[in-house]
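**Q** Let's see this in three dimensions:
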Amino acid sequence: MKYIALLTAMAALAAVEKKAEFEVASIKVAKDDGGHDVDVDKGLLRIHNLTLKRLIADAYQIDPSLVSGGPNWLDSDTYDITAKIPAEYVGLNPSKEPEMLQGLLADRFQLAIHREQRQVSGFALSVAKGGPKMEHAKPGAEDSSTRGTSTASGMHLKAINVSMEQLAMRLSRYAEIGRLVVDKTGLTGTFDFDLDWLPERAGIKPETPSDDDLPTIFVALQKQLGLKLESAKVPIDAVVVDRAEKADGN
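**A** A predicted model of the protein is given here:
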């Protein structure tokens, strides 16, 4: 009986420690058309025209500026990836996609890294006076996603079933503020919202209003979502690449 109990315990431990993996994944060298995209739809992760450096940043949930080391092509060669997410991981919050991407990069690019803790200048995303102005995502909402588009007048971000941690990550990479953003809102769960702003220009200050039709990202967050960005020292685990090889196109 003790032997059977031990086997059962070992099997349970193995199940807990099992890492999430894509069911199948295709990696191809991209034709650089100037566009870059990451999209999750109906259990499929589609990545278009991203460098390995950017893929590492996505996999380890950090800003690309915090990825260093590795071969020269790390930030020049680009790839297209299509990967199928196992049904049990579709729609999870937080998602298992970063963990699955880590495994894929280790397997197909022979990626080996180590972590270094650093303090960097960044922004803390917090709740503004008056409270948040976003709607909680409805139960059974579609997979979490953020779709950003550039318009003639500025930027538009449509967020579906998105957590504040995911919003902070999106702001770090696409809001053109030049610093890492961390979530300090204390808000749990996920939200649906739209955000429109004018991309930042060099030297602009957070409190500076825009003369254009759209506000800066700092003003837009406060007026449209009831959130704010404040300068802060941010502790972060940077990624140093020890080894990487070009993936075979397949």
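**Q** which residues touch the nearest residue to S231 once chain neighbours are set aside?
**A** Nearest non-adjacent residue to S231, counting by CB to CB, 6 or more residues apart in numbering: F123, 6.2 Å away. Any C-beta I mention is one placed from the backbone N, CA and C, and that applies to glycine too. For F123, the contacting residues are L171, I177, R179, L180, V181, V182, L229, E230, S231, A232, V234, by CB atoms under 8 Å, 6 or more residues apart in numbering.
**Q** Surely the fifth one and S121 touch.
**A** No - contact between V181 and S121 fails when scored by CB atoms under 8 Å: they sit 11.4 Å apart.
**Q** of those two, who's got more company?
**A** Neighbours per residue (other CB atoms under 10 Å) separate V181 from S121, with V181 holding more: 23 against 11.
**Q** Would you agree the more buried one falls within a strand?
**A** Yes - assigned with DSSP: H, G, I helix; E, B strand; the rest coil, V181 falls within a strand.
**Q** How about the contacts made by it?
**A** Going by CB under 8 Å, 6+ apart, V181 touches G122, F123, A124, L125, A168, M169, L171, S172, A175, L229.
**Q** Make sure the first one is actually in contact with R179.
**A** I take that to be G122. Yes - G122 is within contact range of R179, at 4.6 Å (criterion: CB under 8 Å).
**Q** Counting neighbours, go ahead and name the busier of those two.
**A** The neighbour count for G122 versus R179, taken as other CB under 10 Å, is higher for G122 (23 against 17).
**Q** does that one sit in a helix, a strand or a coil?
**A** strand.
**Q** Would you mind measuring from the residue nearest to S231 to F191?
**A** The gap separating F123 from F191 is 19 Å, by CB to CB, to the nearest Å.
**Q** before we move on, back to that, quick one: least confident of the contacts of F123?
**A** pLDDT is lowest at I177 among the contacts of F123; the value there is 78.
**Q** May I see the buried residues of the host helix or strand of A159?
**A** Using DSSP states H and E, A159 sits in strand 155-162. Judged by neighbour count using 16 or more other CB atoms under 10 Å, the buried positions of strand 155-162 are M155, L157, A159, I160, N161, V162.
**Q** can you put those in TSV and add distance to D41 and pLDDT?
**A** As requested, the buried residues of strand 155-162 are arranged in TSV below (distance: CB to CB, whole Å; pLDDT from 0 to 100):
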residue	distance to D41	pLDDT
M155	22	82
L157	17	86
A159	15	86
I160	11	85
N161	13	86
V162	15	88
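**Q** For the residues you listed, which two are the farthest from each other?
**A** By the measure CB to CB, M155 and N161 form the most distant pair in these, at 20.5 Å.
**Q** can you redo the contacts of F123 as CSV with distance to V67?
**A** What follows is the contacts of F123, written out as CSV (distance: CB to CB, whole Å):
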residue, distance to V67
L171, 18
I177, 19
R179, 16
L180, 12
V181, 17
V182, 17
L229, 23
E230, 26
S231, 23
A232, 21
V234, 16
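**Q** Any of those residues buried? List them.
**A** Neighbour counting with 16+ other CB under 10 Å marks L171, I177, R179, L180, V181, V182, L229, A232, V234 as buried within the contacts of F123.
**Q** Verify the contact between the second one and M155 for me.
**A** No - with contact taken as CB under 8 Å, I177 and M155 are classed as non-touching, separated by 11.7 Å.
**Q** Over to stretch 18-34 now: how far is its first residue from its last?
**A** Across stretch 18-34, the terminal residues are separated by 38 Å (CA to CA, to the nearest Å).
**Q** Show the average pLDDT along that stretch.
**A** So the average pLDDT for stretch 18-34 ends up being 90.
**Q** And the contacts of that stretch?
**A** Contacts of stretch 18-34 with the rest of the structure, by CB under 8 Å, 6+ apart, involve 45, 48-50, 77-86, 89, 96, 99-100, 103-104, 108, 247-250.
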